[in-house]
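K.L.:
Model the structure of this input:
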Amino acid sequence: MDVNLRKLLKKPIKAVTVGIYKLLLPLFHSDKKMIVFDSSIGLNYTGSPRAVYERMVELGLDREYKCIWFFQKGKEPESLPGHAKIVRYGRIRYLYYMSKAGLWLFDARQPKFIKKRKDQHYIQTWHGTPLKKLALDMDNVTMAGSSNIETYKKNFRENAKTWDFLIAQNDYSASIFRRCFDFKKEMLLTGYPRNDVLFRKNNPTDINLLKKELGLPLDKKIILYAPTWRDDEYDATGKYEFRPKLDFPKMKEALEGEYVMAVKYHYLVGEKIDWTGFEGFVYPFTAQAEISSLYLVSDLMITDYSSVMFDYSLLHRHMYFYAYDLDKYRDSIRGFYFNFLEDIPGPVSQNTDELIHDLHLTDVLFEEKYGERERLWYEKFHTYEHGNASDSIIKLFGDLSK
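P.N.:
Take a look at the predicted model:
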């Protein structure tokens with residue numbers, strides 16, 4: 001379908017959808033034993049919502065509660081454990097369950113027309129400790145579909161008002177979230193449920209099983225490359241693109257004797273990338289891949305400004321920061337909450353040659369240069385991470401559903 005025609009059709013369809021939802025909302029009382037889940041607005045089956053749900057399945061609670069998962073078309077997992085119902089995101093049944101469920105668990109904002117009654121409870125898990133400025137703290141907006149910073153902030157503030165609970169990984173995040181989301185309700189200082197697995201499966205047996213499941217070699221070290229998205233890098237349809245300025249041929253030539261690379265895209269990024277010629281060295285993983293599994297199987301990680309740096313550091317493994325556009329990203333696109341160059345727990349490189357040089361640092365040299373930063377980082381950002389965050393959220397479900 002022509003892009004312009006698709007845009008023209010969206011407005012009346014959206015108007016009908018909003019109208020149906022407004023009609024449905026007053027017709028129902030909430031079902032205290034019904035929970036709706038989605039991750040990344042229905043784009044995948046990952047993150048903290050998945051971790052909480054799968055812990056419920058382990059405990060047999062998927063039979064006690066009516067669990068509903070929302071997915072966009074084509075984004076459903078091949079299999080879903082337990083007894084959850086799968087519903088198409090944004091369709092009529094989505095509206096029905098949103099108006100009926102007593103408990104909502106999401107890791108990203110829902111559409112702004114969605115309203116919540118007083119007898120419904122919304123737990124927002126969010127999806128990372130912030131380095132990049134967020135929401136009301138942003139000075140400008142360059143994202144697809146957004147151009148007016150004041151409108152963007154107004155929409156964000158109104159959306160955050162629907163949240164009853166917000167999860168934070170540490171006191172640093174809690175303080176920022178209070179301000180940048182204008183959040184005045186209950187902060188849950190539990191750590192992220194999605195990180196529970198990093199405590200439970202950080203052992204050789206589980207790691208080797210994960211490598212086999214992911215199709216990764218057992219005889220090579222694994223580099224995880226997990227960059228963030230760029231607000232200003234998108235195509236004519238508004239879909240974000242993956243345009244890394246990393247010289248993969250050079251990386252392959254320098255590293256393939258000892259390493260392979262697992263490349264993980266951000267969920268907002270389009271995934272049409274041709275990896276021809278890199279077979280056996282680059283193993284690409286889409287947004288549907290669970291990032292925590294890739295953390296566990298990797299020996300080290302390369303990132304840039306992504307919040308993966310906070311979660312991955314739970315494993316006490318080395319991190320490298322390929323920040324080829326640092327000045328632009330920090331000064332023109334998003335802005336940072338702390339001094340990147342002074343505080344980051346690993347070397348920062350701005351071209352592929354520098355990165356390859358850094359990857360060859362010995363453990364002794366790495367410890368000398370960055371060991372103290374790593375220790376301070378862990379103390380600051382992992383205050384509440386103990387591997388039981390999912391259990392804390394499940395207990396809250398029980399309290400709210402009485």
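
K.L.:
what does the domain assignment say about this protein?
P.N.:
14-195+386-400, 200-381 (automatic domain parsing).

K.L.:
Let's have those domains in JSON lines, adding mean pLDDT.
P.N.:
Shown next, in JSON lines, are these (pLDDT from 0 to 100):
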{"stretch": "domain 14-195+386-400", "mean pLDDT": "91"}
{"stretch": "domain 200-381", "mean pLDDT": "90"}
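
K.L.:
In TSV: these, plus mean neighbour count.
P.N.:
Any C-beta I mention is one placed from the backbone N, CA and C, and that applies to glycine too. As requested, those are exported to TSV (neighbours: other Cβ atoms under 10 Å):
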stretch	mean neighbour count
domain 14-195+386-400	18
domain 200-381	17
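
K.L.:
Residue nearest the middle of this structure, spatially speaking?
P.N.:
The geometric centre of the chain, computed from its C-alpha atoms, lies nearest to His127 (Cα atoms, centre = their mean), at 4.5 Å.

K.L.:
For that residue, give its distance to Pro193.
P.N.:
11 Å (Cβ to Cβ, to the nearest Å).

K.L.:
what do those two both touch?
P.N.:
Ser48 (Cβ atoms under 8 Å, 6 or more residues apart in numbering).

K.L.:
For the stretch 51-200 of the chain, just list every one of the helices.
P.N.:
92-100, 149-160, 171-180, 196-200 (DSSP state H, counting those that start in this stretch).

K.L.:
Which one of those lies nearest to Gly42?
P.N.:
helix 92-100 (8.5 Å; Cβ to Cβ).

K.L.:
Can you verify Asp331 is assigned to a helix?
P.N.:
Yes. According to DSSP: H, G, I helix; E, B strand; the rest coil, Asp331 belongs to a helix.

K.L.:
residue ranges of the strands in the protein, please?
P.N.:
31-38, 66-71, 85-88, 101-106, 121-124, 165-168, 186-189, 221-225, 259-264, 282-285, 300-303, 319-322, 348-349 (DSSP state E).

K.L.:
Turn the ones you listed into a markdown table, columns for distance to Leu246.
P.N.:
Listed next are those as a markdown table, based on distance: least, Cβ to Cβ, whole Å:
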| stretch | distance to Leu246 |
| --- | --- |
| strand 31-38 | 32 |
| strand 66-71 | 31 |
| strand 85-88 | 36 |
| strand 101-106 | 32 |
| strand 121-124 | 33 |
| strand 165-168 | 32 |
| strand 186-189 | 37 |
| strand 221-225 | 7 |
| strand 259-264 | 9 |
| strand 282-285 | 11 |
| strand 300-303 | 8 |
| strand 319-322 | 6 |
| strand 348-349 | 10 |
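
K.L.:
backbone phi and psi for Asp162, please?
P.N.:
Check again: residue 162 is Thr, not Asp. Main-chain dihedrals, Thr162, degrees, to the nearest 10: phi -80, psi -10.

K.L.:
measure it to Trp104 for me?
P.N.:
The spacing between Thr162 and Trp104, counted by Cβ to Cβ, is 9 Å.

K.L.:
what residues do those two have in common as contacts?
P.N.:
Joint contacts of Thr162 and Trp104 (Cβ under 8 Å, 6+ apart) are 116, 122.

K.L.:
Setting aside sequence neighbours, what's the nearest residue to Ile222?
P.N.:
Spatially, and ignoring its direct neighbours in sequence, Ile222 is nearest to Ser298 (4.6 Å; Cβ to Cβ, 6 or more residues apart in numbering).

K.L.:
what sits opposite the nearest residue to Arg334 once chain neighbours are set aside in the beta ladder?
P.N.:
Excluding its sequence neighbours, the residue lying closest to Arg334 (Cβ to Cβ, 6+ apart) is Lys132, at 4.2 Å. Beta-bridge partners of Lys132, counted by DSSP bridges, are Phe336.
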